[in-house]
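Student: Okay, here's the prediction I keep looking at, along with the sequence it came from:
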Amino acid sequence: MIWALALTLLVWGGASWLARFGRGTLNPVLVSTIVIGAVLVIGRIPLASYEEGAAPLTALLGPAVVALAFAIDRGARRLGRRLMAVAIAGTIATIVGAAVTVVVAWALGASGELLRILAPKHATSAVSAAVAEVLGVDASLAAVFSILTGILGAVAGPPLLRLMRLRDPVAGGFAIGLSAHAIGTARAMEEGPALGGSSALGLALASLLVPLAILGASLLGWL
């Protein structure tokens, strides 16, 4: 299954090169997903076969997340006295974000199962999938919504901050990390170490608070 590994690396390399000309709109994750998905559909290749071949790359996801600890440490040191205020603001934003997602989906007529799938999408895909498993819903679909959220935040986040004339890298990075988690944080790090470090902090806080908020709501019968 070496072809799957080679395909992934080749497509990612091309998408990363292409992203340099897109000013953030040609997100490598988005482009790679579309290209690899198209190859699998056109070639009628089973997804299980591709996943088996790409397993070495999948195994690196854990260490990659752990490596964010360096950026988180730098970001925390940079915040100093502002760390407590940012943590409180991030806690409120995370809870409100999850609640708004559920309420809007409910108002549009989503089923209870879909609500539980959508609820953890503001956490990174691995966390949202784990929460979905505990809730007894489709973990893979929860991860898909999380990834889509991250791609949208990575593409629209930095331009939106510029449009709002928000020049504070702490506030901007934290907002990206809370809403767009790992994919958004990778994009924020391209904008600069201050924005990236704050985004990593937002990612870590969301990964901690989203499961607690969702599981708490489930125990109370709100989901």
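Tutor: Arrived safely. Numbers count the residues shown, from 1 in each chain.

Student: which helices and strands does the helix ranked longest in the chain pack with?
Tutor: Ranked by residue count under DSSP state H, the longest helix found in the chain is helix 193-219. If you count contacts as 3 or more C-beta pairs under 8 Å, 6 or more residues apart in numbering; DSSP states H and E, helix 193-219 packs onto helix 61-79, helix 83-107, helix 125-135, helix 169-191. For glycine as for every other residue, the C-beta is placed from the backbone atoms N, C-alpha and C.

Student: same thing but at 10 Å, please
Tutor: On a contact count with 3 or more C-beta pairs under 10 Å, 6 or more residues apart in numbering; DSSP states H and E, helix 193-219 meets helix 61-79, helix 83-107, helix 112-118, helix 125-135, helix 139-163, helix 169-191.

Student: which of the residues in the fourth one are buried?
Tutor: In this case it means helix 125-135. The neighbour-count check on helix 125-135 (16 or more other C-beta atoms under 10 Å) flags 125-132, 135 as buried.

Student: Switch those residues over to a markdown table; also include distance to S218 and pLDDT.
Tutor: Shown next, in a markdown table, are the buried residues of helix 125-135 (distance: C-beta to C-beta, whole Å; pLDDT from 0 to 100):
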| residue | distance to S218 | pLDDT |
| --- | --- | --- |
| S125 | 20 | 83 |
| A126 | 19 | 81 |
| V127 | 15 | 84 |
| S128 | 14 | 87 |
| A129 | 16 | 85 |
| A130 | 14 | 85 |
| V131 | 9 | 88 |
| A132 | 11 | 88 |
| L135 | 6 | 87 |
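
Student: winner for burial among the helices and strands packed on helix 193-219?
Tutor: For those, ranked by mean neighbour count under the definition mean count of other C-beta atoms under 10 Å, the leader is helix 169-191 at a mean of 26.

Student: and that helix, average pLDDT?
Tutor: Mean pLDDT, helix 169-191: 84.

Student: chain center to it: distance?
Tutor: 10 Å (C-alpha atoms, centre = their mean, to the nearest Å).

Student: and the angle for it with helix 125-135?
Tutor: Between the axes of helix 169-191 and helix 125-135, defined by axes from the mean of the first three to the mean of the last three C-alpha atoms, to 10 degrees, the angle is 110 degrees.

Student: Select the helix or strand of the protein having the lowest average pLDDT value.
Tutor: Least confident element among the helices and strands of the chain, by mean pLDDT, DSSP states H and E: helix 61-79 (a mean of 66).

Student: ok, L118 touching V102?
Tutor: Yes - using C-beta atoms under 10 Å, L118 is in contact with V102, at 6.8 Å.
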